[in-house]
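Novice: For reference, the sequence and a predicted model appear below.
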Amino acid sequence: MNTFPTLLKREFWEHKGGMLWAPAIVGGLMALAAGVSMLIGLYAKGSNIRINGEKIIADGTVIATQTQQEMAQGLAFAIVPSLAPLAAVLAFVVLFYALGSLYDDRKDRSVLFWKSMPVSNTATVLSKLTSMAVVAPLLTAVIGSVVGIIIALLAAASMTAFGGEVLPKLLMEPDFYLAPLGVIAVIPVYALWALPGIAWCMLVSAWAKRAPFLWAVGAPVLAGILLSWQQAMFDRNFGADWFWEHVVGRLFGGFVPGLWFAFGSDASRVDSFKPTEESVMSLVGHSYTTLAAPSLWIGLIAGVVMIAAAIRLRRWREDAA
Amino acid sequence: MNANISARGLAKRYGKSVAVDRIDFDIAPGRIVGLIGPNGSGKTTTLKAILGLTNFEGDLKVLGFDPRTQRDALMNEVCFIADVAVLPRWISVAQAIDFVAGVHPRFNRKKCEEILAHTKLDRKMKVKQMSKGMIVQLHLALVMAIDAKLLVLDEPTLGLDILYRKQFYKDLVERYFDDEKTIIVTTHQVEEIEHILTDLMFIREGKLVLSATMDEVGERFAEIMVSGDKLEAARALKPIDERQVFGKSILLFDGVPKEQLAALGELRTPGVADLFVATMKGTYA
């Protein structure tokens, strides 16, 4: 007997498609696309490669070592932002996971099977939350690290194909090795920023008799539209802008990894960030600085309350949906 | 009596309509109880109350626990099949076994695999590929491998063909039941389970109209087949039901001495189904 790990395994079995296959397939396509475009690039203008307007090889002559060094640094750093498509996949997977989490099994009545087992509703709800906030991002981070490394290696290799030392320099870059660690290191930051949105969707999922998506997304958006409309009608401030930014924006923005820079306090914004001068680790550091934002903690309190409400609903909601 | 389940004034209202109307009953260990009632009579609500799936009024103790506040502890000792085909569609046989083994302290994996070996299910098969009958086989194998003190079956064989239904109850009695356990079963196919029941509870419009052991039922109720000339004499004893078969009348009596009845015609023990129909007369009228 091993209840919580079993519950996490259960979640993985059910959501393998979203947690594993979706990022794996998108990641695979990204690596493939990168590989193909490098090949085409090499073939088309082998002797005149430009990256960000800088000539790598001009008329067969290799550019300056200093520039090669910057290229290697840029490539190593670019591992993180190159994972944006995977971040988008994660956001969608977690959003729809949360919306179905306490609804789907009521709809197909299999909730009666789960409830026939000696598992508390608290354990059930927390296992789903953990799966979304930690396990799914972790799988995406691991897949993303592999994909990012492959893309960086492909780019460096294609630059090195005609001479120069970008590839060996890339392998000497600390960021090349730190990037995967960095991606994994920010998972707690993701979990904390995503929690209110996940909790809200789980609450609606536990409550809705039908169409949890419409309730979870429709209700806040409709409220925002009504506020904005009132504001326009009566030309007075009803707090519509605040509502859009701090309620709608936070609820759904939190699903997207990295969007925390937009929510954090001004000091931690990374507008002034310079890839060539700072390491991936300082990006991780900046991510953790956003945890100082009071709005994060207010959101967390709201999230905990919503999770508690979802557990209660799960316990007493009688009929299958 | 050391009751496994004991209810006093158990009641449940949905808005203004009363689903269960202050009922009292006790169920001892080692019994197989048939809870029989028409649609909407409060059967499922009663079972849901026992399983802690719904709130209720009154007192109810299941294995010494209050299902409202001590459900988590109760579920270690209780198992139920709430409906046919409620296993999640995505789960495979192997995953279902791993899951129950991972969360249930009283699950015996070996026993489950032995039971499954008698079916056509293989470990990789997913629920969505199974027929309704196979899903029930899997569910029953999982449940029978759990050494629970109380097993609740709510219409477990609805929609199954007769082969699966017979096998289901056969397995249940031969491989699962013993005198420590209690089984409560509801079904509309009364004839098929009457030979395994030890107790009978009839529920109608939220009230228990009959709660007795099968022996008591056999003593209390009797049926006679009467030919025309003795019909008036038999009717004078106030039968609770009368029906015609091949030109003869069959009269059902409650609490009339057997010797008195035997003089009037051929004496028989009534079937639960006939008893049920007689008791529930006018339910839908």
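Specialist: Alright, I've got the coordinates.

Novice: which residues are in contact with stretch B:248-256?
Specialist: With Cβ atoms under 8 Å, 6 or more residues apart in numbering or on different chains as the test, stretch B:248-256 has contacts from B:220-228, B:231, B:234-235, B:237-244, B:261, B:265, B:270, B:274-275, B:278. The C-beta positions use only the backbone N, C-alpha and C, and glycine is treated the same way.

Novice: cool, stretch A:123-136 as well?
Specialist: Outside stretch A:123-136, the residues that touch it by Cβ under 8 Å, 6+ apart are A:3-4, A:7-8, A:10-12, A:15, A:18-19, A:90, A:93-94, A:97-98, A:101-102, A:114, A:187, A:190-191, A:194-195, A:198-199, A:202, A:206, A:307, A:310-311, A:314.

Novice: about what we covered before: the contacts of stretch B:248-256, buried ones only, as a ChimeraX selection?
Specialist: Remark: buried members of these, expressed as a ChimeraX selection using 16 or more other Cβ atoms under 10 Å in any protein chain shown:
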select /B:221,222,223,224,225,226,231,234,239,240,241,261,265,270,274,275,278
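
Novice: which residues are contacting stretch A:198-216?
Specialist: By Cβ under 8 Å, 6+ apart, stretch A:198-216 touches A:94-96, A:98-103, A:125, A:128-129, A:132-133, A:219, A:251, A:254-255, A:302-304, A:306-307, A:309-310, A:313-314, A:317, A:321.

Novice: Just the buried subset of those, please.
Specialist: Here, 16+ other Cβ under 10 Å leaves A:94-96, A:98-103, A:125, A:128-129, A:132-133, A:251, A:254-255, A:302-303, A:306-307, A:310, A:313-314, A:317, A:321 buried among the contacts of stretch A:198-216.

Novice: Now, those residues that are in helices?
Specialist: A:94-96, A:98-101, A:125, A:128-129, A:251, A:302-303, A:306-307, A:310, A:313-314 (DSSP state H).

Novice: Residues of the stretch 101-250 of chain B that sit close to chain A?
Specialist: Contact residues, the stretch 101-250 of chain B versus chain A (Cβ under 8 Å from any Cβ of the partner chain): B:101-105, B:139, B:143.

Novice: Columns neighbour count on top of those, output as a markdown table?
Specialist: Formatted as a markdown table, these follow (neighbours: other Cβ atoms under 10 Å in any protein chain shown):
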| residue | neighbour count |
| --- | --- |
| B:Ala101 | 17 |
| B:Gly102 | 19 |
| B:Val103 | 21 |
| B:His104 | 24 |
| B:Pro105 | 11 |
| B:His139 | 23 |
| B:Val143 | 24 |
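
Novice: just these now: which is nearest chain A?
Specialist: Within those, proximity to chain A (Cβ to the nearest Cβ) peaks at B:Gly102, which comes in at 2.8 Å.

Novice: Let me see the contact set for B:Met214.
Specialist: Listed by Cβ under 8 Å, 6+ apart, the contact partners of B:Met214 are B:194, B:197-200.

Novice: Tell me which of the residues you listed has the lowest pLDDT.
Specialist: Across those, the smallest pLDDT goes to B:Glu194, namely 87.

Novice: okay, now the nearest residue to it once chain neighbours are set aside: neighbour count?
Specialist: Distances taken as Cβ to Cβ, 6 or more residues apart in numbering or on different chains put B:Val272 closest to B:Glu194, at 4.2 Å, once the chain neighbours are dropped. Using other Cβ atoms under 10 Å in any protein chain shown, B:Val272 has 20 neighbouring residues.

Novice: B:Val272 against B:Glu192, yeah?
Specialist: No - in this structure B:Val272 lies outside contact range of B:Glu192 using Cβ atoms under 8 Å: 10.1 Å.

Novice: Please, a PyMOL command that selects the buried ones among the contacts of stretch A:123-136?
Specialist: In PyMOL, this line selects whichever of those come out buried by 16+ other Cβ under 10 Å:
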select buried, chain A and resi 3+7+8+10+11+15+18+19+90+93+94+97+98+101+102+114+187+190+191+194+195+198+199+202+206+307+310+311+314
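
Novice: which helices and strands sit right next to the one helix or strand A:Arg10 maps to?
Specialist: Per DSSP states H and E, A:Arg10 falls inside helix A:3-16. When contacts are defined as 3 or more Cβ pairs under 8 Å, 6 or more residues apart in numbering or on different chains; DSSP states H and E, helix A:3-16 sits against helix A:121-130, helix B:93-103.

Novice: could those helices be laid out in TSV, adding mean pLDDT and distance to B:Thr213?
Specialist: Listed next are those as TSV, based on pLDDT from 0 to 100; distance: least, Cβ to Cβ, whole Å:
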stretch	mean pLDDT	distance to B:Thr213
helix A:121-130	96	37
helix B:93-103	97	33
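
Novice: what's the closest of these to B:Gly52?
Specialist: helix A:121-130 (10.6 Å; Cβ to Cβ).

Novice: I'd like the helices and strands packed on helix A:3-16 as a markdown table, with distance to B:Lys120 appended.
Specialist: Output for these, formatted as a markdown table (distance: least, Cβ to Cβ, whole Å):
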| stretch | distance to B:Lys120 |
| --- | --- |
| helix A:121-130 | 32 |
| helix B:93-103 | 11 |
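
Novice: wait, which of those helices is closest to A:Thr290?
Specialist: Using Cβ to Cβ, the helices and strands packed on helix A:3-16 put helix A:121-130 closest to A:Thr290, at 20.9 Å.
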